[in-house]
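Peer 1: what's the 3D shape of this:
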Amino acid sequence: MYTVLARKYRPQNFDEVCGQKDIVEVLKKSIKFNKIAHAYLFAGPRGTGKTTIARIFAKCLNCIEGPSENPCNKCDSCIEITNSVSLDVLEIDGASNRGIDEIRNIRENINLLPAKSRFKIYIIDEVHMLTPEAFNALLKTLEEPPSYIKFFFATTAPEKIPPTIISRCQRFNLKPLKKEEVKNKILEICKKEDIEIEEKAIDEIYDFCEGSLRDAISLLEQLSIFSDKKIKYEDVRYLLGLPEEKSIEEMLKNILDKNYIKSIENLHKLISEGKDPVLILEGIIKKVKEVVTLRLDIEKIDVDNELMGKFDGLKMEEIFEGIEYIVEYKNRVRREREPVLLVEILILKLLQLWGKEKFEEIKDKEEKIEKIEESSETIFNFKEDKEPERKEEKKEKIEEKKEYKELKWEEILKEVKHYKPTLEAALREGKLERIEGDNIYIIFESKYSFHKSMVEKPSNKIKIEKIISDFTGRNYKIIPVLNKNSQSIIENPEVKKIVEFFNGEIIKMEE
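Peer 2: Numbers count the residues shown, from 1 in each chain. Have a look, this model is predicted:
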């Protein structure tokens, strides 16, 4: 009879457990020194070994040669626990047996001695699914059970378990497995099952399974059947429905080039190929993460040079803000009825954030144009009876040619409000103090320091300056200033009332 790989290669003793060395050592020592608690809680993400460790621990306690740090896996007790048919080791699914009646049955049966083993052990999986009434019924039993009763709880959401239950258990937090740990286990299984697999395919399996070994092994089995035991990187991406890296790179390049039409075309092409919008966004996140990793010199990764060059014009703050947008929309896409429309809106946001032309770049272009004009005039318009114009005079003439509109602050605020109402509200708390050359000084009272910081945020500051530039035709720089002589927040009468009402205090941070 065929056995799936996840069950076939499930650890049967502590030495086979992958990636949870510290927890295994504590459990082995508790057996060695006979300091076994009456209740244990194993918490962690799916596929990290919670129920497996609970089963092995149960075998160690009830093994005919035990309690032993490693079960023999040959005696009747070990075999019965392995096959989930033991009368003394009862596995209960907390999701389907979550009511008070099921817990009452446990309370009634704990007074019965084990049928033939040393301990009667209850393994409750997904224990956080029990109802509050069920937890209350379990509480007294859990606090003072008979000496032959042991409780092993497993959960992926320990925060949903009442603190009164957790305080009566020894808690162990299992962590997601590292890439090397999953990789070694997959290679070990491939060797035993005569499966060929590319190293890059293993990396993709790990990324998709997010540290879950069980998911990784299940996917490995599916891939081995699909590819006739010769697994390639392309097979993994095809089977999982992941978009091609080249398509993601092309979309990012078009976004960075501010080419909306081509960006949307890239998206709809992927959608027509049956790619999930969520997986498309995950692909973008992964590609941008690679760019950041290479840019910060964290790890040497093979990234398209052209794509890297386009990202060079962006500040790290802008890249991180873009990633925040993508993550936010990815979560929304999962539950909205119009996922494609949401992704289109996201592309527009990224075009605004990443695809805009920087004012510094505009200035550089203007300076280059000026130099070219100066050199051409020197060569072709040389007059013996006149001295060449000085650079300052030339600049003045260029400035005269430009037509500037008057800066009307209320109009600017209206334009900012169309872009982002919260930003306009923050900017309105500041006062336009003066304009010196290309610098606009906006003064904020001390109590509006938060609003000042919001205006100073690089992406917001650039947008405001762009709006001013579009309106006036001149490249102004805004300079937010905090008025330290104004009334501070701790002197504000309203704040004082709140502090007095709650009998609190304000801790003033030094600037």
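
Peer 1: Contacts for stretch 301-313, please.
Peer 2: 249, 252-253, 256-257, 287, 290-291, 293-295, 319, 358, 361 (Cβ atoms under 8 Å, 6 or more residues apart in numbering). C-betas here are computed from N, CA, C, even on glycine.

Peer 1: then that stretch to PDB, C-alphas only?
Peer 2: Provided in PDB are the C-alpha atoms of stretch 301-313 (Å, rounded to 0.1, in the frame of the first residue of the first chain):
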ATOM      1  CA  ILE A 301      22.100  37.700  -5.900                       C
ATOM      2  CA  ASP A 302      21.800  37.600  -9.600                       C
ATOM      3  CA  VAL A 303      19.600  40.500 -10.500                       C
ATOM      4  CA  ASP A 304      19.000  42.100 -14.000                       C
ATOM      5  CA  ASN A 305      21.500  44.900 -14.400                       C
ATOM      6  CA  GLU A 306      19.100  47.100 -16.300                       C
ATOM      7  CA  LEU A 307      16.500  46.800 -13.500                       C
ATOM      8  CA  MET A 308      19.100  47.600 -10.800                       C
ATOM      9  CA  GLY A 309      20.100  50.700 -12.800                       C
ATOM     10  CA  LYS A 310      16.500  51.900 -12.800                       C
ATOM     11  CA  PHE A 311      16.200  51.500  -9.100                       C
ATOM     12  CA  ASP A 312      19.400  53.400  -8.500                       C
ATOM     13  CA  GLY A 313      17.500  56.700  -8.900                       C
END
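
Peer 1: so how far is that stretch from its chain's centroid?
Peer 2: Relative to the centre of its chain, stretch 301-313 is centred 22 Å away, using Cα atoms, centre = their mean, to the nearest Å.

Peer 1: and it, which residues are buried?
Peer 2: 303-304, 307, 310-311 (16 or more other Cβ atoms under 10 Å).

Peer 1: and residue 227, how many neighbours?
Peer 2: Using other Cβ atoms under 10 Å, residue 227 has 19 other residues around it.

Peer 1: That one reaches residue 234, doesn't it?
Peer 2: No. Contact between residue 227 and residue 234 fails when scored by Cβ atoms under 8 Å: they sit 9.5 Å apart.

Peer 1: one step back: pull out the buried members of the contacts of stretch 301-313.
Peer 2: Using 16+ other Cβ under 10 Å as the burial test, the contacts of stretch 301-313 include 249, 252-253, 256, 287, 290-291, 294, 319 as buried.

Peer 1: could those be laid out in JSON lines, adding pLDDT, distance to residue 470 and secondary structure?
Peer 2: Conversion of the buried ones among the contacts of stretch 301-313 to JSON lines gives the following (pLDDT from 0 to 100; distance: Cβ to Cβ, whole Å; DSSP: H, G, I helix; E, B strand; the rest coil):
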{"residue": "249", "pLDDT": "91", "distance to residue 470": "31", "secondary structure": "helix"}
{"residue": "252", "pLDDT": "91", "distance to residue 470": "26", "secondary structure": "helix"}
{"residue": "253", "pLDDT": "90", "distance to residue 470": "26", "secondary structure": "helix"}
{"residue": "256", "pLDDT": "89", "distance to residue 470": "21", "secondary structure": "helix"}
{"residue": "287", "pLDDT": "89", "distance to residue 470": "32", "secondary structure": "helix"}
{"residue": "290", "pLDDT": "87", "distance to residue 470": "35", "secondary structure": "helix"}
{"residue": "291", "pLDDT": "87", "distance to residue 470": "30", "secondary structure": "helix"}
{"residue": "294", "pLDDT": "85", "distance to residue 470": "35", "secondary structure": "helix"}
{"residue": "319", "pLDDT": "89", "distance to residue 470": "25", "secondary structure": "helix"}
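
Peer 1: Sounds good, over and out.
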